[in-house]
Structures are given as structure tokens and as C-alpha cells.
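Engineer: Sequence and computational prediction follow.
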Amino acid sequence: MHRRQFFRAAAALGALSAVEFAPWQAVAAFAREVDDFVRGPAVRDHPLRQVSPHVWMIFSPDGFPTPENQGMMCNLTFIDTAQGLVVVDSGASVQIGEMAIRQIRKQWQKPVVAIINTHYHGDHWLGNHAFVDAYGADLPIYAHPGTIREIAGVQGRLWQTLLEQWTNQATMGTRVVPPRLPLEDGAILRFADVTLRLHHFGKAHTPYDLCVEVVEDKLTCVGDVAMDRRIANMDDGSYLGTLAAYTQLEQRTASRIWLPGHGEPGGGVLQWNRELFEGIYRPCEQAIKDGLPLEEAKALVLRDPRVASRARETKGFETNIGKYVSLAYLEAEAAGF
């Protein structure tokens, strides 16, 4: 048993004897105190970087969670307005959120006035805990209504547990703090000198992704709808939906910079992803039409120049391409009926 797990178990046993006849609220409160006591280590500082006149980010160099990076795998974005800072995605743990707060307090003497969580995968919202601790329980936290339901339901506890497992308990002490204010497609948030327009295009990376357009900067935070040199986790998503989302983003925004949840921002992020996804999905689509099995579809994908040209530079390609082809094959199969 890991040392932190031992201490948590010992504290839990003590709680049972101490509150044997107490109401459930007391048990829940004690459990929160145990989580706060048994905490993972602090995360080392990652510097802020300015991307556009109002947008700054903390770049995460890693694409996947490990004990070494302590779950630091998602970019954190900060929109600097005259009213205060707006955070787009708060990171994978309370420790990462606390690191982000240290960084922004070095740069600005202004409060965080809102958080937007782009979707329900935990590397994008578990850091909410740190921000409500620092700025108050009434801090507005926005998300798509579907994301709010998922985090308040099974996805919240699931992602809390997964991040603990993947990081060897480095994220311990992180509480689930769901967003509570819904944003639909086309919603507009104004913060003094900055206008944010929210976009939702149906099922893409998940069924409930929000993209955050910073209108004045011609920049859109795309969350995990697109990534830089990494294939998005498509277990909850759709290749066709993602490709349609790219077209909608280009038509409905004047953005010249696409800031992904993973990887470097830039003007070519959507095009890079579009070609890779076309190279994965279209051969599977053709294989279904030709009655070819999955293994032959995979061979077609690997030979496709849009995939072959990107294989070496795409993080996690070798270990994940088989799963991504399987998901594309199943989606193409379903679309054919």
C-alpha cells in the first residue's frame, strides 16, 4: 500500500469511530478534512507566456499524465481584462491550480473573476478547487450544461480517481468542484474591454465542448477539439463531428490563432488536425464500403500520407493509433447504416 493510501485509510478508520452516530454531513465534512490533510506535493512553477494582447497561458509540455509531471498535461489560459482575469481550464489538480495562482499573482495585482471549463475531462477542471479556495466559493465557474451534469455526476469522481492513479497519488487532496453556470452556443460574456463568444458545435471531442473566442484578439481557445501534435482522446467524441466543428470555427470566427488544450497555439492548428483526422477516418470509411476488416483498415490508415507524414511528431502515436483506428472504423460503420 502506498504511504498516502495508508494514512488516508488510517484517518478514515478514526473517522468511523469518531462519528459513528453522527449525521452524514459530519462524515462528509471529515472526509474533506482527510483529503486536505493527505495531499500530494506542490507542483513546480511553470512560467506565464503572452500569446496575444489579452491572452496569456501556462504551457504544459507533456501530453499525458505521469507521476513525474504530477498531472501537468493541459495548457492553462488567462484572459486579462480590465475587470479581472478569466481562466480557461484550471488544470488537473489543486496543486496545479495553486501553482497557476502563484504565477498570476506575480504578474498581476487583480482578481480572478471567472473560470470557463471547456469540457468534462478532469485535466481541464480539477484545478477549480484551488481557485475557489483562493477567490471564494461564489467565484463564477462556467461550462456547457452537459459538462456541468457530467462533472456533478459520474465523471467528477471518475476523473478525480484516474488522475490519482496515473500520477501515483500526486494529485491527492483535490476536491471535485463542478462548474455551476451554464453557457450555450452563441453566449457572450463581456468583461469590460474584452468580449468572449462561446461556441458549441455538437459532438466533437465530447458531446459538450465549448470553444472560447476572444473577439478583440482574433483568438479562440479550442480546448481539446483540436490539439497540436497529439491525437485527441476520441473515446467520447466523433471524427465527423470534429471535422464539422473545424469548418464552423473557421466560418463563424475571425480568429487567426487557435489555442489548444494540449500543445502550442498557432494559425495552423485546425489544418494540422483536419488532415490527420481525414487521414484516419476516410480510409476507414472506404474500408467499410469495400467490406474490409479492421486490420486492413488500419493498414490503409498507416499508409495514408496524411497520417504517415505526422506519425513521428505526434505524441502517443505508436501506443494509441490502433485504438483511434478502431474508433474511426466503428463510427464509419455506424454512419454507413
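Structural biologist: Alright, I've got the coordinates.

Engineer: next one: phi and psi at residue 205?
Structural biologist: For residue 205, the backbone dihedrals (degrees, to the nearest 10) come out as phi -70, psi -40.

Engineer: do you know how far residue 196 is from residue 63?
Structural biologist: Separation of residue 196 from residue 63 (CB to CB, to the nearest Å): 26 Å. C-betas here are computed from N, CA, C, even on glycine.

Engineer: So for those two, which sits in the more crowded spot?
Structural biologist: residue 196 (24 against 19; other CB atoms under 10 Å).

Engineer: for the nearest residue to that one once chain neighbours are set aside, what are its contacts?
Structural biologist: Take residue 196 and drop its neighbours on the chain: the residue closest to it by CB to CB, 6 or more residues apart in numbering is residue 189, 4.4 Å away. Counting by CB atoms under 8 Å, 6 or more residues apart in numbering, residue 189 makes contact with 86, 114, 142, 183, 195, 196, 198.

Engineer: Residue 332 falls within a helix, correct?
Structural biologist: Yes: secondary structure of residue 332 (DSSP: H, G, I helix; E, B strand; the rest coil): part of a helix.

Engineer: Can you verify my assumption that residue 242 contacts residue 206?
Structural biologist: No: taking contacts as CB atoms under 8 Å, residue 242 lies outside contact range of residue 206: 10.4 Å.

Engineer: Of the contacts of residue 189, just the buried ones, PyMOL syntax please.
Structural biologist: Buried residues within these, by 16 or more other CB atoms under 10 Å, are selected in PyMOL with:
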select buried, resi 86+114+142+183+196+198
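
Engineer: Doesn't the residue nearest to residue 196 lie inside a helix?
Structural biologist: No: secondary structure of residue 189 (three-state DSSP): strand, not part of a helix.

Engineer: i'd like the first residue to be 2 from this point on
Structural biologist: Noted, 2 is the first residue going forward, which turns the last one into residue 190.

Engineer: Show the model's pLDDT score for it.
Structural biologist: For residue 190, the model assigns a pLDDT of 98.

Engineer: That one and residue 196: what is the separation?
Structural biologist: Distance, residue 190 to residue 196, by CB to CB: 8 Å.

Engineer: List the buried residues for the longest helix anywhere in the chain?
Structural biologist: If you go by DSSP state H, the chain has its longest helix at helix 270-291. Buried positions in helix 270-291, judged by neighbour count with 16+ other CB under 10 Å: 270-271, 273-286, 288-289.

Engineer: Just list what it packs against, helices and strands only.
Structural biologist: Applying 3 or more CB pairs under 8 Å, 6 or more residues apart in numbering; DSSP states H and E, we find helix 270-291 packed against helix 240-253, strand 258-261, helix 295-304, helix 306-309, helix 318-336.

Engineer: Tell me which of those approaches residue 129 most closely.
Structural biologist: Comparing these by their distance to residue 129 (CB to CB), the top pick is strand 258-261, with 19.5 Å.

Engineer: Tell me how far that closest one lies from the chain's centre.
Structural biologist: Relative to the centre of its chain, strand 258-261 is centred 14 Å away, using CA atoms, centre = their mean, to the nearest Å.

Engineer: could you give me the average pLDDT of that strand?
Structural biologist: Average pLDDT, strand 258-261: 98.

Engineer: what does it rub up against?
Structural biologist: 52-53, 56, 58, 76, 78, 218-225, 227-229, 250, 266-268, 270-271.

Engineer: likewise stretch 231-249?
Structural biologist: Applying CB under 8 Å, 6+ apart, the contact partners of stretch 231-249 are 64, 122, 200, 202-208, 210, 212, 225-227, 263-264, 271, 274-275, 277-279, 281-282, 315-318, 321-322, 325, 328-329, 332, 336.
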